[in-house]
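Q: need a structure here:
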Amino acid sequence: MTSDARAREPTGEHGLTVGRTAALVGVSVKTLHHWDTVGLVRPSGRTWSGYRLYSAEDVARIHRVLIYRNLGFPLAEIGRVLDDPDADARGHLSRQRSLLLERIAGLRKMVGAVDRMMEALDTGIRLTPEEQVEIFGADWRPAWVEEAEERWGDSAQWTQYAERVAWMTADDWRKVAAAAEALNAVLAAAGRAGVAPGSDEANALAERHRASIATYFDCTHSMHVCLGRRYVGDPGFAAHYDALAPGLAAWLRDAIFANAEAHGVDPGSARWE
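A: Model prediction:
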């Protein structure tokens, strides 16, 4: 109801009209109408033309209703508490207090989760430099994480990475490192054995390699092709794979290309998505 409409309401001699009452207690006229309909707060009087009139006692009841409603009580239960002389109001409030404390604890956990997410977006991997070297090996350089963030920090993939690793503990990272080591051993064995790129075995290994990247971000076949190019073109990547087995960087690239082609992606035109 607008202020103009409230101004046109007659002012009762023995109470406040619904518009003025709604403005006083901070609820809508529609809410007061509903509470009247369900019997929760019925105005004590009416004007000669049928307007609702709320007494001081009615307004006090509205305030009690609002307190219970803000505590989470259903309207029907509020009515029972207010109208039943035998109702245990203190017991109701005590139970509601316990529920509120549980809700507060849950909200605090949610705030902590958001804080951790924000921290992850700022810092990425949540391991100390010493833990990184212990888990990833003596050749690992903790500075690589900062370099990666500088290079890809604005990308959607970095955001995914930061979100996913935010929850990972040192034990989680040890499992990831062990899985990566096992995969590298299988790739190296396949490269040394001359498994043909495009064969079922090589395609399965390429898919396993692509799935390992999903630890950090969603990797399409097109994106996998881009990574395959990098494994050969980037001296650091090439040295890493070729140290596992001579020529492994090129073999892995070719296996990735063939697998992508089998999934309908042209390696020649594949782009980062």
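Q: where does residue 53 land in three-state SS?
A: strand (DSSP: H, G, I helix; E, B strand; the rest coil).
Q: which stretches of this structure form strands?
A: 16-17, 45-46, 52-54 (DSSP state E).
Q: Figure out how far the first one is from the centre of its chain.
A: For strand 16-17, the separation from the chain centroid amounts to 47 Å (computed by C-alpha atoms, centre = their mean, to the nearest Å).
Q: Direction included, what does it pair against?
A: Strand pairing for strand 16-17, determined by DSSP bridges: strand 52-54 (antiparallel).
Q: hmm, who's touching the strand it pairs with?
A: 12, 14-18, 21, 32, 36, 43-47, 62 (C-beta atoms under 8 Å, 6 or more residues apart in numbering). All C-beta spots, glycine's among them, are computed from the backbone N, C-alpha and C.
Q: mean confidence score for it?
A: Averaging pLDDT along strand 52-54 gives 92.
Q: Low-confidence regions, the stretch 51-200 of the chain specifically.
A: Applying pLDDT under 70 to the stretch 51-200 of the chain picks out residues 89, 113-129, 131-153.
Q: sorry, back to before: pull the most distant pair out of the contacts of strand 52-54.
A: Within the contacts of strand 52-54, 47 and 62 form the most distant pair, 18.9 Å apart (C-beta to C-beta).
Q: between the two, which one's more packed in?
A: residue 62 (22 against 16; other C-beta atoms under 10 Å).
Q: doesn't residue 42 make contact with the more buried one?
A: No: if you go by C-beta atoms under 8 Å, residue 62 and residue 42 don't touch, sitting 10.9 Å apart.
Q: ok, back up a step: just the buried ones from the contacts of strand 52-54, in PyMOL syntax?
A: The following PyMOL line selects those of the contacts of strand 52-54 that are buried, judged by 16 or more other C-beta atoms under 10 Å:
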select buried, resi 12+15+16+17+18+21+32+43+47+62
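Q: Show me where this protein has its helices.
A: Assigned by DSSP state H, the helices in the chain fall at 3-8, 18-25, 29-37, 56-70, 75-83, 89-123, 129-136, 143-152, 156-165, 170-193, 200-213, 221-233, 235-244, 248-262.
Q: Alpha carbons only: can I get the fifth one in PDB?
A: Pointing back at helix 75-83 there. Taking Å, rounded to 0.1, in the frame of the first residue of the first chain, the C-alpha atoms of helix 75-83 are listed here in PDB:
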ATOM      1  CA  LEU A  75       3.300 -19.600  11.700                       C
ATOM      2  CA  ALA A  76       1.100 -22.400  12.900                       C
ATOM      3  CA  GLU A  77       3.500 -23.100  15.800                       C
ATOM      4  CA  ILE A  78       3.700 -19.400  16.600                       C
ATOM      5  CA  GLY A  79      -0.100 -19.400  17.000                       C
ATOM      6  CA  ARG A  80       0.000 -22.400  19.300                       C
ATOM      7  CA  VAL A  81       2.700 -20.900  21.500                       C
ATOM      8  CA  LEU A  82       0.900 -17.500  21.800                       C
ATOM      9  CA  ASP A  83      -2.600 -18.900  22.300                       C
END
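Q: Kind regards, and thank you for your time.
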